[in-house]
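In: Give me a 3D structure for the following:
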Amino acid sequence: MPRSLPLALAAAALLAACADQPTAPEPAAPNTQTVRDPVAGVAIDVPAEWRVQPDPVLFNTYGFALFNPEGEQTGGHERSPVMRVALAYETRPEQIEGLVATLMERNRELAPVRSEVIVGGRRGIAVSGLPGTDSYSLIYVADGGRVYRIGMWTAERGLDARARMLLQNLRLEKPTRSVRSLDLTPVREAMVALPAPEELRASSRAHAARVAATAAEGGETVAAPALYSAPPLRSATAQACEFGQPSGFFWQTVWDATNKFYSGYTTTYSGTYYNLRPGDPGWSAMSGNYGSWWGQNYHIYKCYSDRLNQFYANDWPAHKNANVYSAIQGTVEWAGWDYYDSEGYYTLGNYVVVRNGAYRALMAHMTSLAVGRGASVGMNTIIGYAGKTGGPWDEHVHARVAYGESLTYNGQPYGGNTVWPTRMRCVSCRATDSGDIYGNGDGQYDVKDSSGAKFYTRFYHGRWMRG
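Out: Next up, the predicted model:
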């Protein structure tokens, strides 16, 4: 439990969770902020350092998510998702029991647990043990004719003391503004909204240059998105829940020259920072710009059977609306924004999953998408445009590859084995004269094969790469 939450609040919440009758929440204390949403009709006092992320588009619910930047204190990770509070404006109180029963049935393989919980002095129904980026619980509660849909992410399965305290101290209030007054773009439109015309023209030019460079280097590594012949399935145990990229398995960088996140620098090493050539686009860095690295911050799971394992994911800094490509070739299995029954994946924002045999690549946080489910994805297929959807962070592309995952009824992956890259294809990468402390030039490929195709084969936190 964060130190900034007063002990008095924690004690009150724990007593309320065990009491037969609801207990009124305690007054707000110092070092807290009051988060109030007049459209959702809710208010809550949380630590002052927590970050608030209002829904950027219109789902079938409307609300906000809370993030804890001091996640280590709660067993989570930096900028940990804590809670999403939303008004289910399309739902009526008499529908709650049916919705809960459906949720339990659709996720029966995960053995979810139903329980009663106090929410702002009212009795709600919680379903715990649902899949997500962390262990996830979904809570329904009614206040008069209104229904609230509340999500809780926890370090372990079920509602912990912090979650119960937050639910107890949530204040349900009559909305003073309508959802319509927000004028938010409906999610189905936002998923495929195109960038501005000038950005699309730049996108087309960079894509054409990439296609030409690929042809000059011997063409695509795999001519068509054929399914990869995978090794035998490995169980998700501490001894066998990760492995390196198999020989011959195609894996590539996921951006091109439209990425200007790091453009405008010089290629010098100051003893602390690696800088880039002025106006030279197309650069990124492995989990750069304070992005999560392997086993750190957001990327900490690799042996869980009931959540998304992303230990070897990379956060690639990417300019907003930069072209995004799939890490692997294959078939699009999911393309969109989770907006019903899958809020446990809320922090991924607008994302794409590409399947190749038993392997899946996931690319997340995009502003909009350029492909739909069932599409074939090759090396040079633009799947979407970079952004920062899903949380309070800078623009980047979250990309990872996993093996042998299960799928929710709605198509979200969980469990399986995380895979780390050993050979990553690049198109516009090149040798440079400036070396870094690892003896490797900034953006320099490590291997060129007989066809002229170039690859990175060494990976470390913050390594500069050119797409």
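In: May I ask you to name the longest helix in the chain?
Out: The longest helix of the chain (DSSP state H) is helix 197-216.
In: What are the contacting residues of it?
Out: Applying CB atoms under 8 Å, 6 or more residues apart in numbering, the external contacts of helix 197-216 come out as 194-195, 220, 256-258, 321, 323, 379-380, 382, 385, 427-428, 452. Where you see a C-beta, it was placed from the backbone N, CA and C, and this is true even at glycine.
In: what stretches of the chain score poorly on pLDDT?
Out: 1-29, 71-79, 221-240, 263-279, 431-443 (pLDDT under 70).
In: what's the next secondary structure element after the helix or strand hosting residue 397?
Out: Residue 397 is located in strand 396-403, with elements delineated by DSSP states H and E. Next in sequence after strand 396-403, counting helices and strands by DSSP H and E, comes strand 406-407.
In: Can you give me the neighbour number for residue 420?
Out: The burial count assigned to residue 420 is 18, neighbours taken as other CB atoms under 10 Å.
In: residues contacting the closest residue to it other than its chain neighbours?
Out: Spatially, and ignoring its direct neighbours in sequence, residue 420 is nearest to residue 312 (4.2 Å; CB to CB, 6 or more residues apart in numbering). By CB under 8 Å, 6+ apart, residue 312 lies in contact with 242, 294, 299, 302, 400-401, 418-421.
In: separation between residue 312 and residue 426?
Out: As for residue 312, its distance to residue 426 is 18 Å (criterion: CB to CB, to the nearest Å).
In: What of residue 414?
Out: Residue 414 is 30 Å from residue 426, by CB to CB.
In: so what's residue 67 closest to, chain neighbours aside?
Out: residue 51 (4.3 Å).
In: Please give me every residue in contact with residue 315.
Out: Here residue 315 is in contact with 287-289, 291-292, 298, 396-398 (criterion: CB under 8 Å, 6+ apart).
In: The residue nearest to it when sequence neighbours are not counted and residue 38, how far apart?
Out: Nearest residue to residue 315, sequence neighbours excluded (CB to CB, 6+ apart): residue 291, at 3.0 Å. Distance of residue 291 to residue 38, given as CB to CB: 34 Å.
In: Which of these two has more residues huddled nearby?
Out: residue 291 (24 against 14).
In: thinking the more buried one is in contact with residue 318, fair?
Out: No. The criterion here is CB atoms under 8 Å, and residue 291 misses it with residue 318 at 10.6 Å.
In: list the residues that contact both of those two?
Out: With CB under 8 Å, 6+ apart as the test, residue 291 and residue 318 both reach residue 396.
In: Strands of the stretch 301-450 of the chain, residue ranges please.
Out: Along the stretch 301-450 of the chain, counting by DSSP state E, counting those that start in this stretch, strands occupy 314-317, 323-325, 330-337, 350-356, 359-366, 368-369, 376-377, 382-385, 396-403, 406-407, 413-414, 417-420, 424-426, 447-448.
In: I'd like the next helix or strand past the helix or strand hosting residue 85.
Out: Assigned by DSSP H and E, residue 85 falls within strand 80-87. Note on strand 80-87: by DSSP H and E, the next helix or strand toward the C-terminus is helix 96-106.
In: List the buried residues of that following helix.
Out: Of the residues in helix 96-106, 96, 99-100, 103-104 count as buried by neighbour count, 16 or more other CB atoms under 10 Å.
In: from these, which is closest to residue 338?
Out: residue 103 (14.0 Å; CB to CB).
In: Quick check: closest non-adjacent residue to that closest one.
Out: Using CB to CB, 6+ apart, the closest residue to residue 103 is residue 127 (5.2 Å).
In: Please name the residues that touch that neighbour.
Out: Residue 127 neighbours (CB under 8 Å, 6+ apart): 100, 103-104, 107, 112-114, 137-139.
In: same thing but 7 Å
Out: The contact partners of residue 127, by CB atoms under 7 Å, 6 or more residues apart in numbering, come to 100, 103-104, 112, 114, 137-138.
In: Which single one of those residues is nearest to residue 165?
Out: Scanning the contacts of residue 127 for proximity to residue 165, where the rule is CB to CB, the winner is residue 137, at 13.9 Å.
In: My reading is that residue 39 lies in a strand. Confirm?
Out: No. Assigned with DSSP: H, G, I helix; E, B strand; the rest coil, residue 39 falls outside any strand and is coil.
In: In three-state terms, how would the closest residue to it other than its chain neighbours be classified?
Out: Nearest non-adjacent residue to residue 39, counting by CB to CB, 6+ apart: residue 177, 4.7 Å away. Judged by three-state DSSP, the three-state class of residue 177 is coil.
In: measure residue 177 to residue 260 for me?
Out: 37 Å.
In: Out of the two, name the residue with the larger neighbour count.
Out: residue 260 (17 against 12).
In: which residues touch the more buried one?
Out: Residue 260 touches 281, 319, counting by CB under 7 Å, 6+ apart.
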